[in-house]
Every structure is written in C-alpha cells, then in structure tokens.
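Student: A predicted structure for the sequence below; I have some questions about it.
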Amino acid sequence: MNLLLLSNSTQYGRGYLAHALDTVTGFLPPKARLAFVPYALADHDTYTGRVRGALEGAGIGVRGVHEGDDPVAELAAADAVFIGGGNSFRLLSALYRTGLRDALIKAVGGGLPYMGASAGTNMAAPSLRTSNDMPIVQPPSFEALGLVPFQINPHYLDPDPASTHKGETREERLTEFLEENDVPVLGLREGSWLRVNGERAAVQGERAARLFTRDASPKELPVGSDVSELLSCEPRFDSPAR
C-alpha cells in the first residue's frame, strides 16, 4: 500500500492543504492525474474546484470522479486518488452506491497511491466506528476500505482539564470503543498524518499522535515514530467487554 492519511486538510490560518503541501506534492506522481472523490460534502463541484486550486500550481491535474458518467472509470484513468473530508457516513454511503468502494480496494491494493484527509482518512480504516461524525445518512454497512487493519481518529483532541463541559471527551469515547472492540486506534491531532509505504508506517507532520489500545494507557507517538507493527495487527470487532 502507498498511503498518505492526513488528519485535516485545512490548518488554522493557512489555505487548503497548505500545511502539508510539500508532503502532498512529494507523495503524488509528477504531473499526476488525480481522481478526487468529493462525496463527503454536498457541493461536489465547489469542493473539486478547491482541491484543483490548491494543487494546479504544482502541476497536478485534478478531476472529480463525479465529472464523468462513470466514477469507477474516472478512478481507473487516474494516477492517484484523493478522498476529501466532510461527513464520513455520507461519504461511505456514496462509495457503496457508486461502486467505488470495491474499485478503490482493488486499485489501491494494486498500487494506486491513496491520499485521504479527515473523512477520507476514516475510509482507510476497517470501520466507521471511530468517526467523529454524525450519522446523517445510513450506509449499507460500517465496513470501510480496510486499507490498514487498525482504526484512525482524525482531528484528535486532548482532554481539557479546565473545561466545564460535561460531555464525553474524545479519550473517553475511544476508551468506550475499546471496551467493545479490540482494535488499536491511532489518534491523529490536527497537523499530523500517517505515511504508509509498503510494510512501513510512520507518524509525520507537525504534532505527535496518540495510540489507544485495549487494557493500556494511551501512548504518545512523537513525529517520526515508526508504527509499522500496527500493519500486522488483527482487529477484533464486537468482542465482549472485559
């Protein structure tokens, strides 16, 4: 697998993809034809135009998979694919509906470079179960692409000890997930990303990541951490709580 999984596409005070632009352009093949999947947002044309504007200066040609008659054919004609952020449930529902889910699994498994941001990064995991999003639609299944065998939580937020908010923190929600499922969860803070190249995986970007596993305290993973061992984990969903 050749994956670039961004926590976020927009960093505070910067333009779209600006915080990771060197990494993105280094990841994509030179003068690539990039298939963009805009289904996580409702306005596909505007979303595709935003991506095109961010990457055209680097010589990357962006075409939305919705711009032709057949999204699967658009994917097949591309040198790489980028799935943007938005609502993960709406996105996965569209991947099933268009046939792109199976096509993506096959294409990326065959070597097509895959870039995701936020909801697009959620798609790379086995399941939607660690998404932060509201289920505004009901996809046929929570099963995502399974490009990696562990879960990812983009936009991970640390607990704020000074907060008076009584709702669950992100840490508490992920702990609840691990009470029911035995699958590592990689929390990607804003400004961080995961780079997977074959059998190697590493945390990159501007901020450390946080790893959650069952029956263990969360572990800080500084930028540069090798997390290749996660690629060989065996996820177990819906296991009895211990």
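Tutor: Yes, it's here.
Student: give the rounded mean pLDDT of stretch 28-42.
Tutor: Averaging pLDDT along stretch 28-42 yields 95.
Student: hey, C-alpha coordinates of that stretch in CSV?
Tutor: Provided in CSV are the C-alpha atoms of stretch 28-42 (Å, rounded to 0.1, in the frame of the first residue of the first chain):
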residue,chain,number,x,y,z
LEU,A,28,1.8,12.3,-5.8
PRO,A,29,3.5,11.2,-9.0
PRO,A,30,4.9,14.2,-11.1
LYS,A,31,2.2,15.8,-13.2
ALA,A,32,-0.3,13.2,-11.9
ARG,A,33,-3.9,13.0,-13.0
LEU,A,34,-5.5,12.9,-9.6
ALA,A,35,-9.0,11.5,-9.1
PHE,A,36,-10.8,13.5,-6.4
VAL,A,37,-13.7,11.9,-4.5
PRO,A,38,-15.9,14.8,-3.2
TYR,A,39,-18.8,12.9,-1.8
ALA,A,40,-18.2,13.8,1.8
LEU,A,41,-19.7,17.3,1.0
ALA,A,42,-22.9,18.1,-0.8
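Student: other residues contacting that stretch?
Tutor: The contact list for stretch 28-42, computed with Cβ atoms under 8 Å, 6 or more residues apart in numbering, reads 44, 47-48, 51-52, 55, 59-66, 71, 74-75, 77-88, 90-91, 94-95, 98, 100, 113, 115, 118-120. In this view, the C-beta of every residue, glycine as well, is placed from N, C-alpha and C.
Student: out of those, which are buried?
Tutor: 44, 47-48, 51-52, 55, 60, 62-66, 71, 74-75, 78-88, 90-91, 94-95, 98, 100, 113, 115, 118-120 (16 or more other Cβ atoms under 10 Å).
Student: filter these down to the ones in helices?
Tutor: Members of these lying in helices (criterion: DSSP state H): 44, 47-48, 51-52, 55, 71, 74-75, 88, 90-91, 94-95, 98, 100, 119-120.
Student: what about the closest residue to Leu231 other than its chain neighbours? Give its phi and psi, please.
Tutor: Once flanking residues are discounted, Leu231 sits nearest to Ala201: 5.6 Å by Cβ to Cβ, 6 or more residues apart in numbering. When read as degrees, to the nearest 10, the backbone of Ala201 gives phi -140, psi 140.
Student: count of residues packed around Ala201?
Tutor: By other Cβ atoms under 10 Å, 23 other residues sit near Ala201.
Student: surely it meets Arg195?
Tutor: Yes: assessed by Cβ atoms under 8 Å, Ala201 is found in contact with Arg195 at 6.9 Å.
Student: now do Glu234, the pLDDT please.
Tutor: The predicted local confidence for Glu234 is 91.
Student: so which residues of this protein form helices?
Tutor: Secondary structure of the chain (DSSP H): helices located at 21-27, 44-55, 71-76, 88-98, 100-109, 119-122, 170-180.
Student: can you give me the strands in this structure?
Tutor: 2-6, 33-37, 61-64, 80-83, 114-117, 151-154, 185-188, 192-197, 200-205, 209-212, 219-221 (DSSP state E).
Student: ok now the shortest one, how far from the chain's centre?
Tutor: What that stands for is strand 219-221. Taking Cα atoms, centre = their mean, to the nearest Å, the mean C-alpha location of strand 219-221 is offset from the chain mean by 19 Å.
Student: quick one: list the elements packing against it.
Tutor: Strand 219-221 makes packing contacts with strand 209-212 when contacts are defined by 3 or more Cβ pairs under 8 Å, 6 or more residues apart in numbering; DSSP states H and E.
Student: neighbouring strands - and their directions - for the strand it packs on?
Tutor: Strand 209-212 has these partner strands in its sheet, going by DSSP bridges: strand 185-188 (antiparallel), strand 219-221 (antiparallel).
Student: so what's the residue nearest to His66 when sequence neighbours are not counted up against?
Tutor: Of all residues not flanking His66 in the chain, His44 sits nearest, at 4.7 Å (Cβ to Cβ, 6+ apart). His44 makes contacts with Pro38, Gly64, His66, as judged by Cβ under 8 Å, 6+ apart.
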